[in-house]
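[1] Model the structure of this input:
(one chain, ligands or ions: 1)
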Amino acid sequence: MRPRPTDREPFIHSIELARERVPSFDRYPFSLPAVQGLTRLKLHPAVTFFIGENGAGKSTLIEGIAVRLGFDEGGGEAGPGLNHRPPDGGLHDALRINSSRNRRAADRFFLRAETVFDLASDLDRREKADPSARDWYGEASLHTRSHGEAFLAIVQNRMRSESIFLLDEPEAALSPTRQLTLLKEVDWLVRSGCQFLIATHSPILMSYPDALIYEMGEFGIRETTYKETEHYQITKSFLDRPESFLRHLIE
Ligand SMILES: Nc1ncnc2c1ncn2[C@@H]1O[C@H](COP(=O)(O)OP(=O)(O)OP(=O)(O)O)[C@@H](O)[C@H]1O
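    Prediction:
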């Protein structure tokens, strides 16, 4: 029987919008209903998923949390990385991140499927000055691998125990089989004491059992369960009866 992480204290136990720091609710990102609805949001010690329609604000939120934690918007290791720090007045400035007093993360990493190429280039550049820069990422340059292979290589080589990981739409790089591989890696890291925050559309990834799922949309932000998600229901209905769906869509 695998050990359950549910009883351990999360590194980050909740996030919330500090309303007194919001310059205006009329403009992005504070105009998004999901951001406006960000009262104290409890995070799971293992995995917290942020899901919702395109444009609901998942990337905005995970990026805001990441920048607040000291990452660059583009992802990578904490501290100066791929991009310049975003200007003041963004979501990060108005987010309150409530961390545990008793547990400190050994490491943290922010991985976005869309910036893996930039991360690979940054690593190649850094390796010229410091040959050990790539030690954490496997033997060959990430540029010598496909998008999905590079993404998984980072997860499999760079991530270590007792750490916080933020993933933004990891499925964009991964085939269904590799999404299952990622699930296995996430589980291994969770069992090693890690906490994940993941923005995703993937009904495969969001099936992870030790998780909270928050759905974002016009209604704001609310907790849901795996089988209640539209992602699960639409994918299941489609796969159960593809001909019927196609008849309605394209005939
Ligand atoms: N810099 C910006 N200025 C103004 N509006 C923005 C900016 N960035 C994003 N938006 C808008 O905010 C909304 C949320 O964007 P975001 O990228 O967070 O959505 P998402 O839920 O991650 O979507 P997707 O699933 O398509 O990646 C979108 O309607 C988008 O057009």
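
[2] okay, CA-based contacts and neighbour counts for the rest of this
    Noted.

[3] who does the longest helix belonging to the chain touch, helix- and strand-wise?
    The residue-count maximum for a helix in the chain (DSSP state H) belongs to helix 176-191. Applying 3 or more C-alpha pairs under 8 Å, 6 or more residues apart in numbering; DSSP states H and E, we find helix 176-191 packed against helix 147-158.

[4] Point out the residues in the stretch 1-150 of the chain that sit beside the ligand.
    Counting by C-alpha under 6 Å from any ligand atom, the stretch 1-150 of the chain comes close to the ligand at Tyr28, Glu53, Asn54, Gly55, Ala56, Gly57, Lys58, Ser59, Thr60.

[5] Is there a quick PyMOL command that grabs whichever of these are buried?
    One line in PyMOL is enough to select the buried ones among these; burial here means 16 or more other C-alpha atoms under 10 Å:
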select buried, resi 56+57+58+59+60
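
[6] Now the two most distant members of the residues of the stretch 1-150 of the chain next to the ligand.
    By the measure C-alpha to C-alpha, Tyr28 and Glu53 form the most distant pair in these, at 17.1 Å.

[7] circling back: got the residues of the stretch 1-150 of the chain next to the ligand as TSV, with pLDDT, secondary structure and distance to Phe71 columns?
    Formatted as TSV, those follow (pLDDT from 0 to 100; DSSP: H, G, I helix; E, B strand; the rest coil; distance: C-alpha to C-alpha, whole Å):
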residue	pLDDT	secondary structure	distance to Phe71
Tyr28	93	coil	20
Glu53	95	coil	25
Asn54	95	coil	24
Gly55	94	coil	22
Ala56	95	coil	22
Gly57	95	coil	18
Lys58	95	helix	17
Ser59	92	helix	14
Thr60	93	helix	14
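
[8] thinking again about what came up before, next, the angle from the helix or strand just after the longest helix of the chain to helix 176-191.
    Remark: after helix 176-191, the chain's next helix or strand is strand 195-199, criterion DSSP states H and E. For strand 195-199 against helix 176-191, the angle by axes from the mean of the first three to the mean of the last three C-alpha atoms, to 10 degrees is 150 degrees.

[9] Strand 195-199 close to the ligand?
    No - using C-alpha under 6 Å from any ligand atom, strand 195-199 never reaches the ligand; the gap is at least 7.5 Å.

[10] Give me the sheet partners of that strand and which way each runs.
    strand 47-52 (parallel), strand 163-168 (parallel) (DSSP bridges).

[11] most tightly surrounded among those strands?
    Highest mean neighbour count among those (mean count of other C-alpha atoms under 10 Å): strand 47-52, with a mean of 25.

[12] Leu166: what's it in contact with?
    Ile62, Ala66, Arg108, Phe109, Phe110, Leu111, Phe196, Leu197, Ile198 (C-alpha atoms under 8 Å, 6 or more residues apart in numbering).

[13] Out of those residues, the closest to the ligand would be?
    Set against the ligand, the nearest of the contacts of Leu166 by C-alpha to the nearest ligand atom is Ile62 (8.2 Å).

[14] Okay, that closest one and Ile250: tell me how far apart.
    Distance, Ile62 to Ile250, using C-alpha to C-alpha, to the nearest Å: 35 Å.

[15] Tell me which of these two has more neighbours.
    Between Ile62 and Ile250, Ile62 has the larger neighbour count (other C-alpha atoms under 10 Å), namely 23 against 6.

[16] Might one say that the more buried one is in contact with Ala199?
    Yes - contact status for Ile62 versus Ala199: in contact at 6.9 Å, counting by C-alpha atoms under 8 Å.
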